[in-house]
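Novice: Provide a 3D model corresponding to the input given below.
(4 chains)
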Amino acid sequence: MTTPLLHVADLTKNFGGLTALAGVHIEVRSGTIHGLIGPNGSGKSTFINTVTGVIPPNSGQIVIDGRNVAGLRPNIVNAAGIARTFQNLRLFKAMSVLDNVLIGEHRHMGYGLGSALTMRNGEAERHVKDVAMGLLADVGLAHRAEAISGSLPYGEQRLLEIARALATQPKLLMLDEPLAGMNPTEMDRVVAILRRIVARGVTILLVEHAVRVVMSVCDRISVLNFGRNIAEGSPQEIQGNEDVVVAYLGRRRHVA
Amino acid sequence: MKRRNFLSYLTAGLLALAYLPASAQEPVRIGLDAVLTGPGANNGERIREAAQWAVDLINEKGGVALPDGSKRPFELVVVDDQAKPDVGLSAIRRLVGDKSIVAFMGPDWSSVTYPTLFVGAEAGIPQFTSSVAQRITQEGHKHIFRARSTDTDWMGALADYLVKQEGKKKLGVTYANNEFGRSGRDVFVRILKEAHGLDPVVELSYAVGDKDFTSVAGRMIQSGVDVVVNLGNQPEGALLVKDLNNLGFTGLFAFNSADSIFLDLAKSNAEGVVGPLSWVHTKPDDKSKAFNEAFQKRFKRDPIGHSVIYFDAVNMIVDAIGKVGPSREALLKYLKSLDTWAGVQGTYHPSAPTGDMIHASVVIRYNKDLVPEVVSVRD
Amino acid sequence: MSRHHPFYLAAILAAIVIPPFLSDYSLHLVIMVVIFAILTLSLNLISGYGGLISLGHAGFFLIGSYTSALLSVYQGWPFWLSMPTAILLTATSGLLLGFPALRWTGHFLAVITIAFGSIAQLLSVNWVFLTNGIDGVSSIPRPPLPGISLTSNVNYYYFVLICLAFIVYLMMRLVASGFGRALRAIKDDETAAACMGIDVAVTKVSAFVISAAIAGFAGALYAHYIRFLNPDSFSLDVSIRIFMMMIIGGTGSIAGSILGSFVVYVLPEVLRPLQDYYYLIWGVIVILVMLFLPGGLISLGSVLRAKMAARRDKLDPQVGSTETLS
Amino acid sequence: MFFQLATSGIATGCAYALIALGFVMIWNTASVVNFAQGEFVVIAMFVALTCHVTLGWPLWLVLPIAVLIPALVGYATERVVIRPVIGAAEMTVVTVTIGLQIVLSDAAKIIYGGQPYSFPPLIEGRPLSILGIVVPRQSLVVIASMVVLAVGLHFLSQKTSFGKRLRAVSQDRETAKLMGIDVNRTIAEGFALSAGIAGVAGVLLAPIIYVSAGLGLPLLIKSFIAAIIGGFGSYIGALIGGLLIGVLDNLVGFYISSHYREVFTFLVLILVLLVRPQGLFPHHR
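Specialist: Residues are numbered from 1 along each chain as shown, chains lettered A, B, ... in the order given. All right, here's what the predicted structure looks like:
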């Protein structure tokens, strides 16, 4: 198989005495949807925060497309090709929907400060706005472009986060519980969008609680518990895996 | 509807500024600019109350007498410069811009007077200032009258008193890091050298607003001086003399603003303090006595140097209006030709070319019951 | 956009037509208003758009004024050389404040900027060899301009008005550009902005450098207008006054900063007949504006419209933030 | 000479410490940076001046009043001006307290004028000489009262229900609300307490320096720096920070130069923030 797009090796992170991640390793192949599941407190969010540089890891390697970005600032990790959404929605609430997406394109603006001052950025601005509108159309928010992002209903804010992350033209998109709090029809809509994204060549790491959806959508799944890998494999292998069931449902008591 | 009210609203605002100082032609008006807000406002109130009192006294006698014998009500227009040059500029422009104001007094702070001199000069309006800085009367302005003696007059008297009468040789100088302190120090050191061939043993400056003077007092005591000459404002002077006494300083403390504000702050520490002043309320001559009594009756406390400066200035303007009428050019011409005018503070010489029209000064010493005795007088 | 709102056209027209008819005193006021408008716009860049509180902008104002004044009085440089140098020097001093701004925000940054402003003023008092200390710098020449003498205040007014127009244009370009958006994103959520690829450090520091440069420019204009400088006119309460102008006018709005400068500088003069009480009433006005109109005076229009709309439709007023006009 | 400078520095330092303490208390409970904290000190000074000097009331009656009135003003401030903006953006809150600072300082100037007044020492008598150091009696009073106050406040915050409520609110306003604590009333009482502490500082400081309407802002900036050097949010940090500033001011004035005293205070602030941003005593609720 080709070398993995993302290769995370013995990633550790502890907060004072508490060990959140104890030597986690994950490989995500490009062009796939890789699931990451685990019971509450298993370290999923810490994993995303350390990989994207929001929290510096204590040790470990994070190699994206051959480049180790462990411990670097979030904007450098993003430049290396990793984009993300947030578990509890961190949109730019005071800015318009369109502006939120335009922020994602900041690095690909094509003009610096100088040309902004001398009117030569008009053409680049128009191009950037078209790309942004395209992304909004993909997630069905084109009609909301001028609205203030804070005023959008919950489901649409989730979609906006995805569009904004895509605007940074990532190689790998890490989604932190994008389906949380959604009803089934909204879930299906998001899953359809994810499939379209992968079809366009963007790899996805899906951190999610809705195990049913993860099983149906993901090509491979890694399972974390108490900051350790306990299983990795195809959805079918994971469903049968004894340790996974125990982690979620607890030990099966042998009724005498 | 909305567009019209916004437009008219804004234009009216700007136009109102243009005609702000519209005023009835009727009363004779003079202006006063002083520090009324912010740090340094301590003299400001005293200046305004004295000027207003002088104006009220004139109005009690029926108003300003004009050359044709008629009398018109007398009005004082007060503006505040907050001791800042740009605020002072707009305050003085406001006074000078009002054509009904025939003369104006102030500013008190040299750092505001100096940069705004050109406004009065261009308008040819008589300006009476109580600022001390030398350069105010050294740049050939024809409209400026300094209504008090300056450092040069005082420091000569002080140096003579300290060296001749008190026989002191080792002097330490402390001064506030503002225009008043700086110019006082420069003049005192120069005159000490010229008149007595002495140099201060040590010199220290402190910031206006300092609260704890243990370090300055400590340095002075350590250098073994027998006189500390302090040049600055009342609050810092009072704190310095208190710390000197606390640390066991037995020498003499000389201070160039040892007036009643200083006395109220320093209380018992003022005993034995020596100081030059342009005027003090215990000056033995009859005019000073009469002024002091009237002031005591009106304000229930002692007048300070600034009180008599602005009282005299108002009366000098009134006398001049009585001779040549309320017009700026006539007043200026008349004052420039007036050789002597007897005021409470001493004899003024308005015709002095530079504008330094009075050199009267006193040196006082606070006795046991904290009354400032006059130990030497110059006119 | 609402920029073509009749109110703006009226204001621009008034600013061009009225001044020649003003008395010397009022002309001085409006010149100072324009200079302070440029200063407020510089503060608005980092506080209004970037959310970084600065109570030390009088420090930049001082550096700009003194640099241009000292170079032209003691070195004989022409204004067109001393002013750009003043801008450059102030911009580099902007770096001094740019880096601490990376680590601290809110009141921590406020106190650091207070420290910066106070140190600048204290050094201008104590470094007598450089700034002539308390005695200040005098007889600063007016800028030479071919064909027009700037010694007349009316001409100088139009000169600073053109400078203000240029700064407003500059600010509009900046705010509309990616840089302006990045700054506003940092204000909203710094971590999210970083994850979206914005180099927060570079953006914040460059915002401070640009803001300092504009403040330095205003300083040079002030020095050559008032022709005399001393440390007293750059004290902490001047920094507070600039901060007030931005807040009262409306943070994050170009028109707000200009309106704020006009109101904050002129109001004490208009209230002057109240003699002693004008400063107290001014304080009360500041509190009232903050309590009832946090978006500043510029948001008066949108707040009233929202209220009227709510009353007319008897609906819950549409939940929109009082995001200001531009 | 060193100890002489240090001891007299401690006296003024205690006043900065108390103001910093009140400042931090308001920050902890209401997350408000109160620019008008210095004005509570000035109010206490003028109340004491009027009652004791003008009206001639005895000290044992004047002192409690001089602490009570700023406390009431503090309570009223929270109720009228601070509560409406508690949740608002930090810039709005800072501006409101700056507006309040202007109102209170100008009111004092209108009533009492701009000039400084002296305030008689709380205890008469020549300064004592301990181990060769001249210690004015007033400094002893200041140091003693600060120690008593520090202990009292510690007792109050640990043992009394009001203290517990105050700490709960300062740790987490929302949870405190859920636990049935009347958060608004607690914050108002917190304001009153911190204004009262500032009042004590005013009464202690008055005899050492002087009473004047313009003291508010300079005192505030010194205690703001003291609070940050001590570790913003920690009460002990505020106390130690205040003492440090008082002593440092004197030492720099003597050993280096009185020009650069203030510059040094600011440089120390920036140094601490660079080297130890959490301050000398990291904040522990």
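Novice: Which parts of the chain belong to which domain?
Specialist: Answering for chain A, as no chain was given. As assigned by automatic domain parsing, chain A contains the domains A:1-81+A:170-256, A:95-169.
Novice: actually it's chain C I care about, not the one you picked
Specialist: C:18-234, C:300-326.
Novice: okay if I get these as JSON lines plus mean pLDDT?
Specialist: Formatted as JSON lines, those follow (pLDDT from 0 to 100):
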{"stretch": "domain C:18-234", "mean pLDDT": "90"}
{"stretch": "domain C:300-326", "mean pLDDT": "64"}
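Novice: mind checking which of those is nearest residue D:127?
Specialist: Among those, the nearest to residue D:127 by Cβ to Cβ is domain C:18-234 (31.6 Å). C-beta coordinates here come from the backbone N, C-alpha and C atoms, glycine included.
Novice: near chain A at all, the closest one?
Specialist: Yes. Contact of domain C:18-234 with chain A (Cβ under 8 Å from any Cβ of the partner chain) involves C:170, C:173-174, C:176-179, C:181-182, C:184-185, C:187-189, C:191-201, C:206.
Novice: Buried subset of the residues you listed as a PyMOL selection?
Specialist: To isolate in PyMOL the members of these that are buried, counting by 16 or more other Cβ atoms under 10 Å in any protein chain shown, one can use:
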select buried, chain C and resi 170+173+174+177+178+179+181+182+184+185+187+188+189+191+192+193+194+195+196+197+198+199+200+206
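Novice: can you tell me which of the residues of domain C:18-234 next to chain A are in strands?
Specialist: Among the residues of domain C:18-234 next to chain A, DSSP state E puts none in strands.
Novice: Of the residues of domain C:18-234 next to chain A, which belong to helices?
Specialist: Using DSSP state H, the subset of the residues of domain C:18-234 next to chain A located in helices is C:170, C:173-174, C:176, C:178-179, C:181-182, C:184-185, C:187-188, C:191-195, C:200-201, C:206.
Novice: Minimum distance to residue D:65: which of the domains of chain C has it?
Specialist: domain C:18-234 (32.1 Å).
Novice: what's the span of that closest one, first residue to last?
Specialist: One end of domain C:18-234 sits 30 Å from the other (Cα to Cα, to the nearest Å).
Novice: Which parts of the stretch 101-250 of chain A are strands?
Specialist: If DSSP state E, counting those that start in this stretch is used as the criterion, the strands of the stretch 101-250 of chain A fall at A:172-176, A:203-207, A:220-225, A:228-233.
Novice: Contact residues of the stretch 1-150 of chain A facing chain C?
Specialist: A:52-54, A:73-75, A:77-79, A:83-84, A:86, A:90-95, A:99, A:102-107, A:109, A:111, A:113, A:116-117, A:119, A:121, A:125, A:128, A:148, A:150.
Novice: what's near enough to touch the residue in the stretch 51-200 of chain B positioned nearest to chain D?
Specialist: Nearest to chain D in the stretch 51-200 of chain B, going by Cβ to the nearest Cβ, is residue B:177, at a distance of 6.7 Å. Going by Cβ atoms under 8 Å, 6 or more residues apart in numbering or on different chains, residue B:177 touches B:205-208, C:125-126, C:133-134, D:259.
Novice: Buried members of those into PyMOL, please.
Specialist: Only the buried entries of the contacts of residue B:177 go into this PyMOL selection, using 16+ other Cβ under 10 Å:
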select buried, (chain B and resi 205+206+207+208) or (chain C and resi 125+126+133+134) or (chain D and resi 259)
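Novice: Quick check: residues of chain B near chain D?
Specialist: Where proximity means Cβ under 8 Å from any Cβ, the interface of chain B facing chain D comprises B:35-46, B:177, B:204-207, B:209-212, B:214-216, B:218-219, B:222, B:234-235, B:238-239, B:243, B:246-248, B:261, B:264-267.
Novice: Going through those, which ones are buried?
Specialist: For these, buried by 16+ other Cβ under 10 Å: B:35-46, B:177, B:204-207, B:209-212, B:214-216, B:218-219, B:234-235, B:238-239, B:243, B:246-247, B:261, B:264-266.
Novice: Among those residues, name the ones in helices.
Specialist: Secondary structure from DSSP H places B:42-46, B:214-216, B:218-219, B:234-235, B:238-239, B:243, B:246, B:261, B:264-266 of those in helices.
Novice: ok, back up a step: the contacts of residue B:177: which two are farthest apart?
Specialist: Spatial extent of these (Cβ to Cβ) is set by the pair B:206 and C:133 at 14.3 Å.
Novice: Now do residue 147: how many residues are near it, please.
Specialist: If you meant another chain, say so; for now it's chain A. Number of residues near residue A:147 (other Cβ atoms under 10 Å in any protein chain shown) recorded here: 16.
Novice: meant chain C, my bad for not saying
Specialist: 4.
Novice: What backbone torsions are found at it?
Specialist: Main-chain torsions, residue C:147, degrees, to the nearest 10: phi 90, psi -20.
Novice: now residue D:190: how far from chain C?
Specialist: Distance of residue D:190 to chain C, given as Cβ to the nearest Cβ, to the nearest Å: 17 Å.
Novice: check which helix or strand covers that residue.
Specialist: Using DSSP states H and E, residue D:190 falls within helix D:183-208.
Novice: Give me the distance from that helix to the chain's centre.
Specialist: Offset of helix D:183-208 from its chain centre (Cα atoms, centre = their mean, to the nearest Å): 7 Å.
Novice: which strands and helices sit next to it?
Specialist: Under the contact definition 3 or more Cβ pairs under 8 Å, 6 or more residues apart in numbering or on different chains; DSSP states H and E, helix D:183-208 sits against helix D:2-30, helix D:37-48, helix D:59-77, helix D:137-159, helix D:161-171, helix D:173-178.
Novice: re earlier: can I get the domains of chain C in CSV with distance to chain D?
Specialist: Output for the domains of chain C, formatted as CSV (distance: least, Cβ to the nearest Cβ, whole Å):
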stretch, distance to chain D
domain C:18-234, 4
domain C:300-326, 11
